[in-house]
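Undergrad: Provided below for reference: sequence and predicted model.
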Amino acid sequence: SPEREGDRLVLSSIPRNFSSLSFSYRRKMLVELLPDSLKNNSEYKSHITKIIRKNSTSASSFGSASSNILAPRRKAKRVEPDTNEIGSILLQSWRLGRVFDSGSFGIIRECININDMDDVKALKIVPLKHSLKCLQTFRSEIIMWSKIHHNCFVPLLDVKVTADYIFALMPLYDEGSLFDKVKFWETNGVQLADRFEDIISYLKDITDALKFLHENGIHHGDIKLENFLLEKNRARLCDFGMTNYDEAASRRLLENVDPKVEKELQESYLFLSNNNSSSDIASGVQSFDMMGSMSGVSDSTEFSSSTTILNPTDSDHKEHHFNIGSLPYASPELLQPCPFPVDCKADIWAFGILVYALLMLKLPFWHIYEPRLKLSIIEGNWQTTEWKSQLNENPQIQIANTLVTGCLRERNSRYSVAEISRLLSGNS
């Protein structure tokens, strides 16, 4: 992007540590630094972001403004490819940048195409720690992600699996997540009436994603604000690490696995199996029988080597059915001494929590002390005075009250995704 008049005034205000800040904080800071006439100009924000990015990742000089963006130059060191380090080259043409998000299972880094500096993506990086058990845990996520092709999901563009890491390439969405959107609304005091149209639009996107999953026997298991990324103000679902599926869906997953994904998983498996102890192999890869059979399957069906990468019916997956993605979104039945498996009903409860959060800009159940948070979820008292006050002041949100009430019910009487879809369609 060629420099424009007024760019230097903006760039001179950029702090020296700008590139090390979190993605959502950088985006918020940039908006605050722009003049009022440009705050809502997405084309200009994209332009100035490209300039900042280029000058943060190249050795070119940018005059007086560059001193506020670039750290002092140091002697370049050799960075090995396929490693989780700034400057490493992944998938032949992607140079790793800074970490801008992290979670319980890994991190997300920016990465820049070495052949086109304007082409920036994101890499989800999951550590394997040379463990076959870790590979078994995350392989189903990669296969699931590679097979979902729908405009309501963040696509998996490419994958690289080593003994140390799984690298999953995906688009980088500059608009952040629904969590970032809620924090923006809260910080800027955006009134419900001014954001209600956007909320309904997001809910329709979320419902479309859930409808696709549930109709195909898939349960996401971790529906929350942070797992919906925004592109052109459309919500896209990501993160399939907690996904579960019924028997028919698990069989379909074993069919026609992407050859690139299968090759990466097979090569990593073969390397790790040759370099792991017998105890790790025994505890972690009961179903990774590359010769064709899979222990843990309830029948004697034989699979070819092309389908032995994944067995969603093995014991490890059955334990995974009972995991909780994010406690504030967990349904009451998941917190019982003998919990129900995570299924579509749990996704619907989490959807109700998400609707409430979009409206009220906070979660209905929250406490820093985990046992109290669990107790409040089990008691289910979410209809606060504040909620009722919002209903009185904004009669148009009655549709949202109906949705939350229908989702945060007893398990057997909760809405289905089809019922939610019909309600939202009537609100067009």
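TA: Ah, there it is. Numbering: from 1, shown residues only.

Undergrad: ignoring the adjacent residues along the chain, who's closest to L373?
TA: Distances taken as C-beta to C-beta, 6 or more residues apart in numbering place H367 nearest to L373, at 4.2 Å, with adjacent residues excluded. Where you see a C-beta, it was placed from the backbone N, CA and C, and this is true even at glycine.

Undergrad: the one you found: what secondary structure?
TA: For H367, the secondary-structure state derived from DSSP: H, G, I helix; E, B strand; the rest coil is coil.

Undergrad: so it sits right up against E379, yeah?
TA: No - between H367 and E379 there is no contact, the gap being 11.8 Å when judged by C-beta atoms under 8 Å.

Undergrad: helix/strand/coil for V159?
TA: State at V159, reduced to three classes by three-state DSSP: strand.

Undergrad: got the contact list for it?
TA: For V159, the contact set (C-beta atoms under 8 Å, 6 or more residues apart in numbering) comprises I142, S146, I166, F167, A168, L169, K260, V261, E264.

Undergrad: of these, grab the buried ones for PyMOL.
TA: The buried subset of the contacts of V159, as determined by 16 or more other C-beta atoms under 10 Å, is captured in PyMOL by this line:
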select buried, resi 142+146+166+167+168+169+261+264
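
Undergrad: export the contacts of V159 to a markdown table and tack on distance to S12, secondary structure and pLDDT?
TA: As requested, the contacts of V159 are arranged in a markdown table below (distance: C-beta to C-beta, whole Å; DSSP: H, G, I helix; E, B strand; the rest coil; pLDDT from 0 to 100):
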| residue | distance to S12 | secondary structure | pLDDT |
| --- | --- | --- | --- |
| I142 | 44 | helix | 91 |
| S146 | 45 | helix | 91 |
| I166 | 41 | strand | 93 |
| F167 | 36 | strand | 95 |
| A168 | 37 | strand | 95 |
| L169 | 34 | strand | 96 |
| K260 | 45 | helix | 90 |
| V261 | 46 | helix | 92 |
| E264 | 45 | helix | 92 |
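
Undergrad: ok so, going back, quick one: which of H367 and E379 has more around it?
TA: More neighbours surround H367 than the other of H367 and E379, with 14 against 10 (other C-beta atoms under 10 Å).

Undergrad: is it true that G97 lies in a strand?
TA: Yes - counting by three-state DSSP, G97 is found in a strand.

Undergrad: low-confidence stretches in the stretch 151-300 of the chain?
TA: By pLDDT under 70, the low-scoring segments of the stretch 151-300 of the chain are 276-300.

Undergrad: past the helix or strand where R27 lies, which element shows up next along the chain?
TA: When elements are defined using DSSP states H and E, R27 is found to belong to helix 23-33. Proceeding N to C from helix 23-33, the next assigned helix or strand is helix 42-57, under DSSP H and E.

Undergrad: can you give me the buried ones in the strand ranked longest in the chain?
TA: Longest among the strand segments of the chain by residue count, using DSSP state E, is strand 116-127. Of all the residues in strand 116-127, those buried under the rule 16+ other C-beta under 10 Å are V120, K121, A122, L123, K124, I125, V126.

Undergrad: same check, this time on stretch 106-117
TA: By neighbour count with 16+ other C-beta under 10 Å, stretch 106-117 contains the buried residues G106, I107, I108, R109, E110, C111, I112.

Undergrad: got the residues you listed as JSON lines, with secondary structure columns?
TA: As requested, these are arranged in JSON lines below (three-state DSSP):
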{"residue": "G106", "secondary structure": "coil"}
{"residue": "I107", "secondary structure": "strand"}
{"residue": "I108", "secondary structure": "strand"}
{"residue": "R109", "secondary structure": "strand"}
{"residue": "E110", "secondary structure": "strand"}
{"residue": "C111", "secondary structure": "strand"}
{"residue": "I112", "secondary structure": "strand"}
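
Undergrad: redo these as CSV? Include pLDDT and distance to L423.
TA: As requested, those are exported to CSV (pLDDT from 0 to 100; distance: C-beta to C-beta, whole Å):
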residue, pLDDT, distance to L423
G106, 85, 36
I107, 91, 38
I108, 92, 34
R109, 93, 39
E110, 93, 39
C111, 94, 40
I112, 94, 43
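
Undergrad: looking at these, spot the one nearest L359.
TA: Set against L359, the nearest of those by C-beta to C-beta is I108 (27.9 Å).

Undergrad: report the beta-bridge partner residues of that closest one.
TA: With beta bridges defined as DSSP bridges, I108 has these partners: D101, K124.

Undergrad: how far away is it from I199?
TA: Going from I108 to I199 by C-beta to C-beta, to the nearest Å gives 26 Å.

Undergrad: next: L33.
TA: Relative to I199, L33 is positioned 28 Å away (C-beta to C-beta).

Undergrad: same deal with D116?
TA: D116 sits 36 Å away from I199, going by C-beta to C-beta.
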